[in-house]
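Asks: sequence and predicted structure are below.
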Amino acid sequence: HYLFIVVVAVNSTLLTINAGDYIFYTDWAWTSFTVFSTSQTLMLVVGATYYLTFTGVPGTATYYALIMTVYTWVAKGAWFALGYPYDFIVTPVWLPSAMLLDLAYWATKRNKHSLILFGGVLVGMSLPLFNMVNLITVADPLETAFKYPRPTLPPYMTPIEPQVGKFYNSPVALGAGAGAVLSVTMAALGVKLNTW
């Protein structure tokens with residue numbers, strides 16, 4: 001059990017870093033919400049389905065998401081301690097989507113194919129919605145971004161005015177749609193990694 005905790009912790013950290021730590025910045029998450037959503041969705045679903053099928057215990061995905069959440073809150077606390085505002089860093093909301101993944105696995109009597117299809121779609125569609133609610137609760141991201149410039153960012157990541165109000169250009173709808181399709185493939189990959 002303790003080895004499992006260590007493996008999950010290390011893997012969660014690596015996956016989070018590989019997804020690009022810049023996505024945690026408030027302004028960037030708003031500006032490219034679709035990228036933010038899909039990267040977080042795919043990262044979660046690969047790791048969660050891998051560990052879920054590895055243990056065979058519903059609840060493992062939630063446990064996995066909880067560890068990642070703790071890591072990001074620690075990172076947020078570090079930035080806060082350096083004098084940056086509370087809203088400078090976004091901590092992605094993984095837990096509700098992971099719970100849906102666990103629920104799909106439990107409700108389908110641990111059927112891996114149902115987990116891939118139902119669980120993947122549920123995670124892909126829900127994560128952008130939960131994270132949009134999360135982003136709505138923080139201060140104006142662009143104001144925060146320009147008040148606290150980061151000289152290490154390359155020019156293509158300079159904050160721009162996000163178009164989040166128009167339905168036809170909705171990053172939530174696009175993120176949920178892309179996530180629902182792509183996360184099924186990633187869920188299958190997660191299961192395959194465990195049953196190679």
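Replies: It's in. Worth saying up front: this structure is predicted, and the values here are computed from it rather than measured. Numbers count the residues shown, from 1 in each chain.
Asks: check which helices and strands the helix or strand hosting Leu189 sits against.
Replies: Secondary structure from DSSP states H and E places Leu189 in helix 171-194. Packing contacts for helix 171-194, counted by 3 or more CB pairs under 8 Å, 6 or more residues apart in numbering; DSSP states H and E, involve helix 33-55, helix 120-136. C-beta coordinates here come from the backbone N, C-alpha and C atoms, glycine included.
Asks: got the contact list for the shortest one?
Replies: When contacts are defined by CB atoms under 8 Å, 6 or more residues apart in numbering, helix 120-136 is touched by residues 26, 29-30, 33, 36-37, 40-41, 44-45, 48-49, 90-94, 96-98, 100-101, 103-104, 141, 171-172, 175-176, 178-188.
Asks: low-confidence ranges, the protein, go.
Replies: Within the chain, the stretches with pLDDT under 70 are 1-2, 4-31, 141-146, 148-169, 196.
Asks: before we move on, the earlier item: could you turn the buried ones of the contacts of helix 120-136 into a PyMOL selection?
Replies: With 16 or more other CB atoms under 10 Å as the criterion, this PyMOL line picks the buried residues out of the contacts of helix 120-136:
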select buried, resi 26+29+30+33+36+37+40+41+44+45+48+49+90+91+92+93+94+96+97+98+100+101+103+104+141+171+172+175+176+178+179+180+182+183+184+186+187+188
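Asks: quick check: the gap between Gly124 and Thr69.
Replies: 19 Å (CB to CB, to the nearest Å).
Asks: just want to know which of the two has more residues nearby.
Replies: Gly124 (29 against 17; other CB atoms under 10 Å).
Asks: ok, now which ones touch Thr118?
Replies: No Thr there; residue 118 is Phe. Taking CB under 8 Å, 6+ apart, one finds 104, 108 in contact with Phe118.
Asks: before we move on, back to that, CSV for the helices and strands packed on helix 171-194, including distance to Val74?
Replies: Shown next, in CSV, are the helices and strands packed on helix 171-194 (distance: least, CB to CB, whole Å):
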stretch, distance to Val74
helix 33-55, 17
helix 120-136, 17
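Asks: and the angle from the helix or strand harbouring Leu101 to helix 120-136?
Replies: Remark: Leu101 resides in helix 95-107, with elements defined by DSSP H and E. Put simply, helix 95-107 runs at 160 degrees to helix 120-136, going by axes from the mean of the first three to the mean of the last three CA atoms, to 10 degrees.
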